[in-house]
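# below are the sequence and a predicted model for it; my questions follow.
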Amino acid sequence: MLDCDYNAGGQKIAIKKEITIMRIEYFTKNYELKDRLKEIIERKIERLNKFFLGEIKLKIALKKVGASEIMELTISLDGMVMRSEVASNNMYENIDSALPKLEKQIIKHRKRLSDKSKKVSLTELEQEMVPELHDEDIHKVVKTKKFPLIPMSIDDAIEEMELTDHAFYVFLNKASKSVCVLYTRHDGDYGLIETVK
C-alpha cells in the first residue's frame, strides 16, 4: 500500500506502508455465533491493526458454561501469546471487556514484543497513552518451592490436586515421561499442560 507525504522541500513523496491483515479463527462450544455478533467483533477488533504489521492470527473462543458466556481472545505472534478472557451473561458485552484487556497487554509489553517480532508497530505503541509503571506495579517472585517430581498417572495427579485443594499440580507423567501441569479450568473441568523437548 502506498501512502503520500511531503518532504522538507514540499514535494509529494510516496511511502510504502505495510497492511495489517487480521486472520480470525472462531471456536465455539455450547454457543451459537450469530452473524450480527461476528460483525460487531470484527469491526471492534480492527482497533488492534494499529499495533501490528503484516499478517496476524487471532483466535476467538466463545463458550457458554451454565449461565456464563465466556470469550477468549488469543494472539499468537512469533512464539509469544497474548490472551484475554472475560465472562458475563452477555457475549456482546464481553468484546468490550476483552479487547481493552488485550490492548493493555500489548502496550505494557511493547518493548519485549518489538524485540521478538518484526510484526509489531513500535511507533504506534509509543504513541499510545502508556501509564508509567511504579515499583508496586511490577510483579516479582516472592516465594519458591522445591519438590521431587513423582511419576504418576493423570488420574493419580487429579487425586493429589484435589487432596491439596490447589488450582494446579505439577507432576511427572508416568506414560509420557514428561513434566506436566494439571490445572482447574474456569468451567470446573481440568486442563493439562504437557512439556515436550
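Received it, and whenever you're ready, just let me know what you need. Everything numeric here is computed off the predicted structure, so don't read it as measured data. Numbers count the residues shown, from 1 in each chain.

# buried sites along the longest helix along the chain?
Secondary structure of the chain per DSSP state H: the longest helix is helix 91-108. Using 16 or more other CB atoms under 10 Å as the burial criterion, the residues of helix 91-108 that qualify are 91, 94-95, 98-99, 102-103, 106-108. For glycine as for every other residue, the C-beta is placed from the backbone atoms N, C-alpha and C.

# where does the protein have low pLDDT?
Where the chain drops to pLDDT under 70, the residues are 1-20, 117-138.

# the helices in it, which residues?
35-45, 91-108, 110-116, 122-127, 154-164.

# any idea what the most centrally placed residue in the chain is bridged to?
The chain has Arg83 as the residue nearest its centroid, 1.5 Å off, counting by CA atoms, centre = their mean. In this entry, Arg83 is beta-bridged to Thr74, by DSSP bridges.

# separation between it and Glu93?
19 Å (CB to CB, to the nearest Å).

# how far off centre is the longest helix of the chain?
Per CA atoms, centre = their mean, to the nearest Å, the displacement of helix 91-108 from the mean C-alpha position of its chain is 10 Å.

# which strands and helices lie in contact with it?
With contacts taken as 3 or more CB pairs under 8 Å, 6 or more residues apart in numbering; DSSP states H and E, helix 91-108 sits against helix 35-45, strand 68-77, strand 80-88.

# so which residues make contact with the first one?
Think helix 35-45. The contact list for helix 35-45 (CB atoms under 8 Å, 6 or more residues apart in numbering) reads 22, 24, 26, 58, 60, 91-92, 95-96, 99.

# with distance to Met161 added, can I get the residues you listed in a markdown table?
Shown next, in a markdown table, are the contacts of helix 35-45 (distance: CB to CB, whole Å):
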| residue | distance to Met161 |
| --- | --- |
| Met22 | 38 |
| Ile24 | 35 |
| Tyr26 | 32 |
| Leu58 | 32 |
| Ile60 | 30 |
| Met91 | 31 |
| Tyr92 | 35 |
| Ile95 | 33 |
| Asp96 | 35 |
| Leu99 | 33 |
